[in-house]
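J.: Here is a sequence together with a model predicted from it:
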Amino acid sequence: MNAHWFYYLVKITGWIGLKIFFGGVKIIGKEKFPKDGAVLLAPNHQGAFMDAVVAGVYTKKPVSFLTRADVFNKWTNPILKSLNMMPIYRIRDGIQSLSQNDAVFDTCFKMLSEEKVILIFPEGNHGKEHFLRPLSKGTARLALDARDQIDPEKKIYIVPVGINYLSHSRPLARLFLNYGDPIALNEYMELYREHKQKGYNKLKQDLSEAMKDTLILPEKDEFYEQKKEWIFQPKHESLSFDELKKMGRGDHFEVVKPRTKNFFTKMLIAFFSIFNLPALLGVKKLLKLVKDPVFKVSLKYLGGGLFHLIWWTIIYTIGALWIGWEAGLLFVATAIICMFARQSLIKF
């Protein structure tokens, strides 16, 4: 599958958007990414389609995405295919649909034999929590079946990836993108050929542990909720990934008091909101239409970017036609400055 021009356009605009949307994207372990061979990217999945944007934008090679089949229809097919997306069928799509995965896997085998990069979410579904949920068998099956069918001289790796949002809703929160140690598949082939299911289960277990190493809060324990509230605060965003992970491993945590803003701060937020009010109302309306909280960060990124661009185009046009192009640029610059001022006030 060769990348479409639209893929590169989205990748470039996505990179710009991530720079604006997050208060810093810290990439860890990028030197671990294999320089040769095929790669199966295996990230956690806590931010809906935002996860694919983050992983795709920061991977140098074009990435093909295995995506749940129910989002493909006659309207979305052209767009999704141009973005290198392929449908993967689940039980919820109907037992009879699962047989279509054989053709999808054959396509993946061919791509991996050509040393391309494929992204698959091993958890199989998304969730808003920070810990890793149980993995499905699909990633291990794809990886080992591919290794079995492809020339043994060609290398294939699974690269565990941790996408760590310090907040799913707070503006300008930091993001840690953490690459784990690549898992070479050759060492699983003896067990796989002896008993496929044992091979799948062993790889799934090892991948789960490798993915947990890339996450700040990898598991849910009895203090998970308290740790989450304590660790993912604005005052901790200057800390490194290792420092935050150490906090998550310990038993110590502090009770976080609800954050309240004084009257003056609230008035400043309201004042700075005026300059982008139509765009902000559009985002608010969009968020109300979707009940799944996992989509919150994704919709804020996509909807916020789209509505603000439309609004800035409108005010530039009004300023340029009414006064001159300099006035249009001034209107847009004022709106952008006010947007960042508002976000900064909300964050802290």
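T.: Here it is on my side, so go on.

J.: And the pLDDT at Phe91?
T.: Phe isn't right for residue 91; it's Ile. pLDDT recorded at Ile91 is 60.

J.: Find the centremost residue of the protein, please.
T.: The residue lying closest to the centre of the chain (Cα atoms, centre = their mean) is Asp51, at 1.2 Å.

J.: so where does it fall, helix or strand?
T.: With secondary structure defined by DSSP states H and E, Asp51 is part of helix 49-57.

J.: Export only the CA atoms of that helix, formatted as CSV.
T.: Provided in CSV are the C-alpha atoms of helix 49-57 (Å, rounded to 0.1, in the frame of the first residue of the first chain):
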residue,chain,number,x,y,z
PHE,A,49,-8.5,8.4,16.7
MET,A,50,-6.1,10.8,18.4
ASP,A,51,-3.9,7.8,19.2
ALA,A,52,-3.5,7.0,15.5
VAL,A,53,-2.7,10.7,14.7
VAL,A,54,0.0,10.8,17.4
ALA,A,55,1.6,7.5,16.4
GLY,A,56,1.4,8.2,12.7
VAL,A,57,2.7,11.8,12.8
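
J.: If you count contacts, what does it end up packed against?
T.: helix 5-21, strand 38-43, strand 63-68, strand 117-119, strand 156-165, strand 175-179, helix 296-322 (3 or more Cβ pairs under 8 Å, 6 or more residues apart in numbering; DSSP states H and E). C-beta here means a position set from N, CA and C on the backbone, and glycine is covered the same way.

J.: of those, which approaches Tyr200 most closely?
T.: strand 156-165 (12.6 Å; Cβ to Cβ).

J.: returning to what we had before: so what touches the helix holding Asp51?
T.: Applying Cβ atoms under 8 Å, 6 or more residues apart in numbering, the external contacts of helix 49-57 come out as 11, 14-15, 18, 25, 41, 43-45, 47, 63, 65, 67, 119, 121, 126, 161, 163, 175, 177, 295, 297-298, 301-302.

J.: Below-threshold pLDDT in the stretch 1-150 of the chain: ranges please.
T.: 1-3, 90-99 (pLDDT under 70).

J.: Burial check on the nearest residue to Lys26 once chain neighbours are set aside, number of neighbours?
T.: Counting by Cβ to Cβ, 6 or more residues apart in numbering, Phe176 is the residue found nearest to Lys26 once chain neighbours are left out, at 5.1 Å. Burial measure for Phe176: 21 neighbouring residues, criterion other Cβ atoms under 10 Å.

J.: and the helices and strands packed on helix 49-57 as TSV, adding distance to Gln197?
T.: Shown next, in TSV, are the helices and strands packed on helix 49-57 (distance: least, Cβ to Cβ, whole Å):
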stretch	distance to Gln197
helix 5-21	36
strand 38-43	19
strand 63-68	21
strand 117-119	23
strand 156-165	18
strand 175-179	29
helix 296-322	35
